[in-house]
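Visitor: return a 3D structure for these sequence lines:
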Amino acid sequence: MGEPIGSLQVTVIRGKKLVIRDFKSSDPYVILKLGNESAKTKVINNCLNPEWDEELSFTLKDPAAVLQLEVFDKDRFKSDDKMGHASLSLQPLISVARLRHIVRVSSGETTLRKVLPDSDNCLSRESTISCIDGEVVQSVWLKLCAVESGEVELKIKLIDPPGNNK
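Guide: Residues are numbered from 1 along each chain as shown. Predicted coordinates:
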């Protein structure tokens with residue numbers, strides 16, 4: 001777990017059907033954690049279907065890494081309310097990135113793997129891992145846990161993937 005595997009760019013695209021934590025709405029923001037790094041999106045006021053479209057970057061060091069996501073409601077005079085959490089194993093993305101170098105996919109868009117929702121992940125629907133013009137990208141919808149409803153859409157891109165020997 002010493003040398004970086006690559007850089008991870010996570011775009012927090014949007015939330016859907018988030019829970020109400022204030023009187024009629026919420027002021028949601030997302031915190032992502034990978035290893036000992038964390039990053040936060042901006043707050044979207046009075047919205048249960050926010051559009052963040054915000055890119056956050058991490059250094060990927062662990063091939064068995066898990067991306068942690070938490071959604072909070074920003075409060076002015078008290079501590080922020082939890083609006084759910086989710087996690088995503090990055091192992092499928094990392095293994096596809098290694099495979100891409102073996103099969104030498106470099107141009108256009110090619111779907112290399114599909115990941116299905118199951119009891120071991122927080123996926124709310126099928127996720128695709130594709131090679132788009134030489135970059136490995138995973139599109140996901142994560143179902144938030146410990147709340148009545150809510151999903152968050154992410155696009156995850158692995159830069160300088162494993163096996164990259166130019």
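Visitor: can I assume residue 42 is in contact with residue 27?
Guide: No. With contact defined as C-beta atoms under 8 Å, residue 42 does not reach residue 27; the gap is 10.5 Å. All C-beta spots, glycine's among them, are computed from the backbone N, C-alpha and C.
Visitor: the more surrounded of those two?
Guide: residue 27 (20 against 12; other C-beta atoms under 10 Å).
Visitor: name the next helix or strand downstream of the helix or strand of the chain with the lowest mean pLDDT, please.
Guide: Lowest by mean pLDDT, DSSP states H and E among the helices and strands of the chain is helix 91-103, with a mean of 81. Scanning forward in sequence from helix 91-103 by DSSP states H and E, the next helix or strand is strand 109-115.
Visitor: so where do the strands sit in the chain?
Guide: Remark: strands assigned in the chain by DSSP state E are 6-16, 28-34, 37-40, 51-60, 66-73, 81-89, 109-115, 127-132, 135-143, 151-159.
Visitor: just so I know, which of these lies nearest residue 95?
Guide: Closest of those to residue 95 is strand 109-115, at 8.0 Å (criterion: C-beta to C-beta).
Visitor: paired strands for the closest one, with orientation please.
Guide: strand 127-132 (antiparallel) (DSSP bridges).
Visitor: tell me the buried residues in the partner strand?
Guide: The neighbour-count check on strand 127-132 (16 or more other C-beta atoms under 10 Å) flags 127, 129-131 as buried.
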